[in-house]
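Trainee: Got a sequence here, can you model it:
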Amino acid sequence: MGPTIDEDQHAALPHVARAAEWFAGMVALSATNLGVELGLFDALRDFGPMRPDALAATLGLQPRPIDAWAKVLVQNGLLVPGDGGTVEMAPGLAWMVCEPRTLLNLGPSLAFHARYVARDFLDLAGFFRDGAPISPERHGEGLSRSVAEQSAAMHALFMEAVLPALPSVETALRGGASVLDAGCGEGNLGKELCFAFPSVRYTGVDLDTSALQRGGSAIAGTALESRMHLVAGDLADLGADGVFDLAFFFLSLHEVPAASRPAVMAAVFAGLKSGGQLIIFDESYPASVAEAASPEARMGLHFEYTEMLWGSCVATREEAEELVAGAGFTYLQRVAPFQGGIDVLLARKP
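Mentor: From the prediction side, this is the model:
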């Protein structure tokens, strides 16, 4: 007779069941990313329902792994079985996993987690012991591209869902604001702003030279080239006083080392004109264990855990507000547009 579960152990059963779902999710993440990477979803969209062996033959892939891939995603509800042993995508799935990409597409995020985060997790034990971060540059340009692709979707969402809730910012943009983007990546926020507001002038600053080069190549020879400037360098060395009307930290404040934040924020404060506005669009870290149980804490915890190896540190709401006030800004408002997953902090230079 095998081991039995005593009365005290019964309390663990719901947690065991939940953990089993995590394992399934890990496999589903890998399978979904492979479906994007290998063009499996695109083939099902283009050719309709197919047997796994026919799908493998169409793309020149191995039949047994494709059979397992298809059945794993049937089990997880992304594929559905059809007649004659075929599979097809669940309704609406193409928006999430196929080309061309839309705002609902998770392809870059799937690649980010399956290729880069999963690798970083192997080194977390060492980081927990010695606290020594490992630069994300070890992942090469692929990670930089993935981050830019994910951020571009958030830029579009900001324009549609957040900017209307910030009327003073929108008014400044319509008036031809000079914009500083602190931690700009490829400058995709600048493209969104300059397309939407023809008089906006944009300066993006970042340390990622490969992202800046890609961004510069994308705007070279276009009408945006004269209005967008991408600069490689440290924000603390910005050296521009009273130049900008608006300054953004768009999903970038958590990447600034905590010890460097006061100097960086002071440089941004100096760079703004009197009356200039600061917009921080970022996750918030729960300040207490009790807050961590809230659904609103999920995104801040997710970013903290997945990027901590790089030295990233998500600020709590209180920490962000203290940082802003310490630089001399006056608090204006806080907006939580996505059910609290990401906060927007708006402040002004007196």
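
Trainee: Run through the stretch 201-350 of the chain and note the low-pLDDT ranges.
Mentor: 339-340 (pLDDT under 70).

Trainee: what do you get if the cut-off is 90, keeping everything else the same?
Mentor: 235-240, 295-296, 332, 335-343 (pLDDT under 90).

Trainee: Just the strands from the stretch 151-300 of the chain, written as ranges.
Mentor: Counting by DSSP state E, counting those that start in this stretch, the segments of the stretch 151-300 of the chain that form strands are 178-182, 201-206, 228-232, 244-250, 272-282.

Trainee: can you tell which of the ones you listed is closest to Arg334?
Mentor: Arg334 lies closest, by Cβ to Cβ, to one member of the strands of the stretch 151-300 of the chain: strand 272-282, at 9.4 Å. Bear in mind the C-beta positions are built from the backbone N, C-alpha and C, glycine included.

Trainee: list the buried ones in the closest one?
Mentor: Using 16 or more other Cβ atoms under 10 Å as the test for burial, strand 272-282 gives 272, 276-282.

Trainee: returning to what we had before: could you dump the strands of the stretch 151-300 of the chain to JSON lines with distance to Leu93?
Mentor: Formatted as JSON lines, the strands of the stretch 151-300 of the chain follow (distance: least, Cβ to Cβ, whole Å):
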{"stretch": "strand 178-182", "distance to Leu93": "34"}
{"stretch": "strand 201-206", "distance to Leu93": "34"}
{"stretch": "strand 228-232", "distance to Leu93": "36"}
{"stretch": "strand 244-250", "distance to Leu93": "29"}
{"stretch": "strand 272-282", "distance to Leu93": "29"}
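
Trainee: Would you check how far apart the residue lying closest to Gly242 once chain neighbours are set aside and Tyr331 are?
Mentor: Once flanking residues are discounted, Gly242 sits nearest to Lys273: 5.1 Å by Cβ to Cβ, 6 or more residues apart in numbering. Counting by Cβ to Cβ, to the nearest Å, the gap from Lys273 to Tyr331 is 18 Å.

Trainee: Repeat that for Phe338.
Mentor: Distance, Phe338 to Tyr331, using Cβ to Cβ: 21 Å.

Trainee: Which parts of this structure belong to which domain?
Mentor: Split into domains by automatic domain parsing, the chain comes to 8-100, 117-348.

Trainee: Figure out the length between the terminal residues of the shortest one.
Mentor: In terms of Cα to Cα, to the nearest Å, the two terminal residues of domain 8-100 are separated by 53 Å.

Trainee: tell me the mean pLDDT for it?
Mentor: Computed over domain 8-100, the mean pLDDT rounds to 95.

Trainee: about what we covered before: please list all residues in contact with the residue nearest to Gly242.
Mentor: 242-245, 349 (Cβ atoms under 8 Å, 6 or more residues apart in numbering).

Trainee: change it to 7 Å
Mentor: 242, 244-245 (Cβ atoms under 7 Å, 6 or more residues apart in numbering).

Trainee: what do you get for Glu170?
Mentor: Counting by Cβ under 7 Å, 6+ apart, Glu170 has contacts Leu163.

Trainee: Please determine how far it is located from Ile279.
Mentor: 11 Å.

Trainee: And Thr330, by the same measure?
Mentor: Taking Cβ to Cβ, one finds Thr330 at 14 Å from Ile279.

Trainee: What does the closest residue to His302 other than its chain neighbours show for phi and psi?
Mentor: Distances taken as Cβ to Cβ, 6+ apart put Glu283 closest to His302, at 7.8 Å, once the chain neighbours are dropped. In terms of degrees, to the nearest 10, the main-chain angles of Glu283 are phi -80, psi 160.

Trainee: what's the neighbour count on Glu283?
Mentor: Using other Cβ atoms under 10 Å, Glu283 has 21 neighbouring residues.

Trainee: Thank you, goodbye.
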